[in-house]
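Student: no FASTA, just this:
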């Protein structure tokens, strides 16, 4: 089993979620999500970013590139009072996606 699969299972269980709940969050079937945990398929970069935000860890942690699930990261931004919790979640998800894309570009070089 890959480190990614192991960490998905670990994070899901730590959050006390069932596979179908995580699958629903991703907009996938339970069998599609289960295939990620079993190592038969790999989610898209966008879905890895969504999983990282959902579980409250970094994509680096899920992918086995870091052993620290919660590194201290500073983002220069202002928390506007008019942002809903959903908007704040979307900003975190987008930031994680951008970090992942940058890392993938660096690996190509």
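Tutor: Nice, thanks for sending it over. These numbers come from a predicted model, not from an experiment.

Student: could you give the mean pLDDT of the lengthiest helix in the chain?
Tutor: Taking DSSP state H as the criterion, the chain has its longest helix at helix 85-108. For helix 85-108, the mean pLDDT works out to 79.

Student: going forward, count from 17.
Tutor: With the count now opening at 17, the last piece we talked about shows up as helix 101-124.

Student: the lowest-mean-pLDDT helix or strand in the chain: which residues count as buried?
Tutor: Taking mean pLDDT, DSSP states H and E as the measure, the helices and strands of the chain show their lowest mean at helix 101-124, namely a mean of 79. In terms of neighbour count (16 or more other CB atoms under 10 Å), helix 101-124 has its buried residues at 109, 112, 113, 115, 116. Using the backbone N, CA and C atoms, a C-beta is placed for each residue, glycine as well.

Student: show me the residue at the heart of the chain, geometrically.
Tutor: Compute the mean C-alpha point of the chain, and by CA atoms, centre = their mean the closest residue is residue 68, 1.8 Å away.

Student: what's around the spatially closest residue to that residue that is not a sequence neighbour, how many residues?
Tutor: Using CB to CB, 6 or more residues apart in numbering and skipping residues adjacent in sequence, the residue nearest residue 68 is residue 75, 4.4 Å away. Per other CB atoms under 10 Å, the neighbour tally for residue 75 reads 21.
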